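>>> Give me a 3D structure for the following:
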Amino acid sequence: MTVFKKIALRIFIIIAFLIISNFIYSYFFFESDLQEHSEIINKIRTVESCKVIYFGESSNTTVRSDDINKKPISDLIAQHYPSLKFGLVNKGAVHAGMYKTYLQQLPQKTQVETIIITLNLRSFNAGWIYSKLETPLQKSIVLLKKYPQLYNRFKLSFKAYDNKTEEERKKQVKYKWKKDILRFPYIFPHKNVIDWDKYIFKTGILNSDGSGNQEKTKLACHYVKSYAFSIDTLTNPRIKDFDEIVEYAKKQNWNIVFNLLAENTEKASELVGEDLIYLLKRNRDVLVSRYTQMGAIVVDNLELVPDEQFIDQNWTTEHYAEKGRKIIAKNVAESLKILYSDKYVDVEYKNDTITNFLIKCEQNESWGQMQTLSTEQAFSGKTSSKTGNGDDFSVTFEWGIKNIPDTVKTIEVKCKVFQTIKENDAVLAFEVRGEEIENFRHTQKISSFIRTTDSWQEINYSYEIPSNLLLGDLIKIYIYNPTIQIVYVDDLEITFK
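Below is the predicted model of the structure:
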């Protein structure tokens, strides 16, 4: 009995120690670790009071340089429901496994009524399931799991998550391509993805004159690798993720809407043929049928966006130009009428002439070179664009010249800059490209505007547009800093006058 008491006492002490340690860690250290490793939590916290939340990845926010309306799909949907508060949780390259964890971070008592989640057909393929991006993605949600926070921190420290090397993931992809048999309701000459890929690579895609087109052949092979698969509802991990999302939404009494994204079926048909289109449609039908029966609203956009509206013409992505985003947004907005018929407003997406543009250099904006955002300095908000020491280009304004009114004569640029050295080679740059003109570049040294260092200074510069530049296709405006000295840029405003 004495031995038993000693053992019980020691167990009690260990449990008490773990409970106290978890409390201390949670109270003093967890939040800083969360900000370092799982900063997506900040976006989730901002949407807790919203009625509708859109969960998306790069398909939502990617824009083309000549788009007049650069609003993401989520904002275009929200325009149809002005009386509803919409929220957005967006992170590039994420999939249903991430969304599932993000949803669990919302408080039990919340204003949320409806969840819209991107349903990306490509995310069911081997290349995405075993992507090299999976390791950092899995790492980013370790601290968000529903376990004691100290336990999660130990898992993070000891890399106790899906932490395979890039080489290991490549082997997984190739094994899947070889193992999974391609099944059609008719005789098909290729056993699996590897066989089909080899055939296309060997025979090639031909030009009109009969010569081989290497670029098109490479792209056709990639279409096969991306879409030549059949969703197995018993083994595909994405099915498990989406199933759990539906079940969790039911428990929370949320409406669940899946936004099945458009794929470039036009290009797939042109390069590979109707066999691949058959697989695309069959997989679509599986998803629409399964999740409709489970009580979700599935918005089918698979074949709605034409080829010319896909931004990436040399790769398979769900990145759409302005008209493509509007097609998808309109379709999703129409589907929400089932839930909010009395709140729907018909919206005509007008492309009004825009002559003034402002970027505050914050995370929720979509200009070029957004990867330069830094929290080290900021004139307004929390971040600015950090240039220098290898990052030569600041956030970049890009605009189609055809969108500039003929009456415009000058471009006025205002921005705030912060630098520690007055004289350097950083410049304000204007760049114009086009098929009918030679590439053009005009620069103005920013040191000419700087009166003092170690404080935010204003640049205000007007540039008269040469008439020949209107023959160009695209104009870019940015700070170019090829030096090792750091220059921060914030509140960049462009006005055409």
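>>> from here on, contacts and neighbour counts on C-alpha atoms
Fine.
>>> can you list the domain ranges for the chain.
2-34, 38-125+229-343, 356-496 (automatic domain parsing).
>>> In JSON lines, list those along with mean pLDDT and distance to Asp180.
Shown next, in JSON lines, are those (pLDDT from 0 to 100; distance: least, CA to CA, whole Å):
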{"stretch": "domain 2-34", "mean pLDDT": "89", "distance to Asp180": "39"}
{"stretch": "domain 38-125+229-343", "mean pLDDT": "96", "distance to Asp180": "8"}
{"stretch": "domain 356-496", "mean pLDDT": "90", "distance to Asp180": "38"}
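>>> who wins for proximity to Val173 among those?
Val173 lies closest, by CA to CA, to one member of those: domain 38-125+229-343, at 9.1 Å.
>>> Tell me the buried residues in the helix or strand containing Leu219?
According to DSSP states H and E, Leu219 maps onto helix 214-227. Neighbour-count burial for helix 214-227, counted by 16 or more other CA atoms under 10 Å, picks out Lys216, Thr217, Lys218, Leu219, Ala220, Cys221, His222, Tyr223, Val224, Lys225, Ser226, Tyr227.
>>> quick check, nearest of the residues you listed to Ser380?
Ser380 has its nearest neighbour among the buried residues of helix 214-227 in Ser226, at 42.4 Å by CA to CA.
>>> That closest one touches Leu280, doesn't it?
No - assessed by CA atoms under 8 Å, Ser226 is found out of contact with Leu280, at 10.1 Å.
>>> Show me what the lengthiest helix in the chain is packed against.
When the chain is parsed with DSSP state H, its longest helix is helix 2-28. Here helix 2-28 touches helix 149-157, going by 3 or more CA pairs under 8 Å, 6 or more residues apart in numbering; DSSP states H and E.
>>> my guess is Tyr480 contacts Phe393, does it?
Yes - using CA under 8 Å, Tyr480 makes contact with Phe393 at a distance of 4.9 Å.
>>> I'd like the domains of the chain as a markdown table, with distance to Ile200 appended.
Converted to a markdown table, those look like this (distance: least, CA to CA, whole Å):
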| stretch | distance to Ile200 |
| --- | --- |
| domain 2-34 | 47 |
| domain 38-125+229-343 | 8 |
| domain 356-496 | 33 |
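>>> Now render those as TSV, adding mean neighbour count and distance to Thr135.
Shown next, in TSV, are those (neighbours: other CA atoms under 10 Å; distance: least, CA to CA, whole Å):
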stretch	mean neighbour count	distance to Thr135
domain 2-34	13	17
domain 38-125+229-343	18	12
domain 356-496	18	20
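>>> Tell me how many other residues crowd Tyr349.
12 (other CA atoms under 10 Å).
>>> Can you tell me the SS state at the residue nearest to it when sequence neighbours are not counted?
Nearest residue to Tyr349 in three dimensions, chain neighbours excluded: Lys326, at 7.7 Å (CA to CA, 6 or more residues apart in numbering). Lys326 falls in the helix class when you classify it by DSSP: H, G, I helix; E, B strand; the rest coil.
>>> thought Lys326 was touching Ile73?
Yes - contact criterion CA under 8 Å: Lys326 and Ile73 qualify, at 6.9 Å.
>>> angle of the host helix or strand of Glu31 against helix 2-28?
Using DSSP H and E, Glu31 maps to helix 30-37. Angle between the axes of helix 30-37 and helix 2-28 is 60 degrees (criterion: axes from the mean of the first three to the mean of the last three CA atoms, to 10 degrees).
>>> what about helix 30-37, distance to the chain center?
In terms of CA atoms, centre = their mean, to the nearest Å, the centre of helix 30-37 is found 22 Å from the chain centre.
>>> just checking, what packs against that helix?
Using 3+ CA pairs under 8 Å, 6+ apart, helix 30-37 sits against no helix or strand.
>>> Need the residues that contact it.
Helix 30-37 has contacts (CA atoms under 8 Å, 6 or more residues apart in numbering) with Ile41, Lys139, Ser140, Leu143, Gln149.
>>> Does the third one touch Lys91 like I think?
No - taking contacts as CA under 8 Å, Ser140 lies outside contact range of Lys91: 11.3 Å.
>>> related to what we said a few turns ago, out of the contacts of helix 30-37, which are inside helices?
In this view, the contacts of helix 30-37 that belong to helices under DSSP H are Ile41, Lys139, Ser140, Gln149.
>>> ok, the residues you listed vs Phe23, which is closest?
Nearest to Phe23 among those is Gln149, at 8.7 Å by CA to CA.
>>> correct me, but the closest one touches Ser26?
Yes - at 6.4 Å, Gln149 and Ser26 qualify as touching, with contact defined as CA under 8 Å.
>>> which residue ranges form the helices in the stretch 251-400 of the chain?
Read by DSSP state H, counting those that start in this stretch, the stretch 251-400 of the chain holds these helices, from start to end of the chain: 265-271, 274-293, 322-335, 337-340.
>>> and those as JSON lines, adding distance to Ser49?
Output for the helices of the stretch 251-400 of the chain, formatted as JSON lines (distance: least, CA to CA, whole Å):
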{"stretch": "helix 265-271", "distance to Ser49": "38"}
{"stretch": "helix 274-293", "distance to Ser49": "27"}
{"stretch": "helix 322-335", "distance to Ser49": "20"}
{"stretch": "helix 337-340", "distance to Ser49": "18"}
